[in-house]
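**Q** Kindly generate the corresponding structure for this input.
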Amino acid sequence: MIKRYAALVAKLTPKSKLGQGCLRAYAVGGGICVFGQMIADCGERFLSLSSASSLTFASIVLIFFTALLTGVGVFDRIARFGGAGTVVPITGFANAMVSPAMEFKPEGWVFGTGARLFTIAGPVLVYGISASVLVGLLYYFFPW
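**A** Next comes the predicted model:
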């Protein structure tokens with residue numbers, strides 16, 4: 001009885017596509033990072049930005065494109081293909097902010113878009129800011 005059950009489970013269990021998923025995530029995440037580096041290099045070379053300013057410029061452009069692609073529904077298709085590769089911190093954060101806002105847009109600007117804009121990103125902001133204040137205080141009182 002147990003052997004028949006184990007055979008049935010083995011037959012019906014879908015095969016894992018872990019390797020394929022990892023390769024897709026690596027390719028998509030790497031592609032996003034390469035695109036960000038290209039933007040930073042272009043900012044430094046063609047816009048005569050400093051190294052730090054070009055990195056800030058690249059972050060802004062990546063956030064803009066992620067929000068735009070999320071708004072028109074393209075980023076969701078990229079995420080379905082690339083999986084965890086799209087959770088490169090800055091693009092994942094921008095997608096996490098825009099997605100709920102788009103979903104609740106029919107409820108209006110205030111109670112829909114405005115109220116839902118920070119549902120996922122809100123806790124990240126609260127705990128990120130709180131942690132930075134705590135680290136700043138520790139650094140102030142105990143300089144290393």
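
**Q** Find the helix or strand that F64 is a member of.
**A** helix 51-71 (DSSP states H and E).

**Q** For that helix, the averaged confidence score.
**A** Mean per-residue pLDDT for helix 51-71: 93.

**Q** Can you tell me which helices and strands it packs against?
**A** helix 18-46, helix 74-82, helix 89-103 (3 or more CB pairs under 8 Å, 6 or more residues apart in numbering; DSSP states H and E). Where C-beta positions appear, they are placed from N, C-alpha and C, glycine not excepted.

**Q** residue nearest the centroid of this protein?
**A** In the chain, the C-alpha nearest the mean C-alpha coordinate belongs to G92, at 0.9 Å (CA atoms, centre = their mean).

**Q** buried ones in the helix holding F64?
**A** 54-55, 57-59, 61-63, 65-67, 69-70 (16 or more other CB atoms under 10 Å).

**Q** Just give me how far that helix sits from the chain centre.
**A** From the chain centre to the centre of helix 51-71 is a distance of 12 Å (CA atoms, centre = their mean, to the nearest Å).

**Q** what angle sits between it and helix 74-82?
**A** For helix 51-71 against helix 74-82, the angle by axes from the mean of the first three to the mean of the last three CA atoms, to 10 degrees is 90 degrees.

**Q** Alpha carbons only: can I get helix 51-71 in CSV?
**A** Written as CSV, here are the backbone C-alpha positions of helix 51-71 (Å, rounded to 0.1, in the frame of the first residue of the first chain):
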residue,chain,number,x,y,z
SER,A,51,31.0,59.1,-10.2
ALA,A,52,28.6,59.4,-7.2
SER,A,53,26.2,61.6,-9.3
SER,A,54,26.2,59.1,-12.2
LEU,A,55,25.2,56.3,-9.8
THR,A,56,22.4,58.4,-8.4
PHE,A,57,21.3,59.1,-12.0
ALA,A,58,21.4,55.4,-12.8
SER,A,59,19.2,54.7,-9.8
ILE,A,60,16.7,57.3,-10.8
VAL,A,61,16.5,56.0,-14.4
LEU,A,62,16.1,52.4,-13.2
ILE,A,63,13.3,53.4,-10.9
PHE,A,64,11.6,55.4,-13.7
PHE,A,65,11.8,52.6,-16.2
THR,A,66,10.6,50.0,-13.7
ALA,A,67,7.6,52.1,-12.7
LEU,A,68,6.8,52.8,-16.4
LEU,A,69,7.1,49.1,-17.4
THR,A,70,5.0,48.1,-14.3
GLY,A,71,2.4,50.6,-15.3
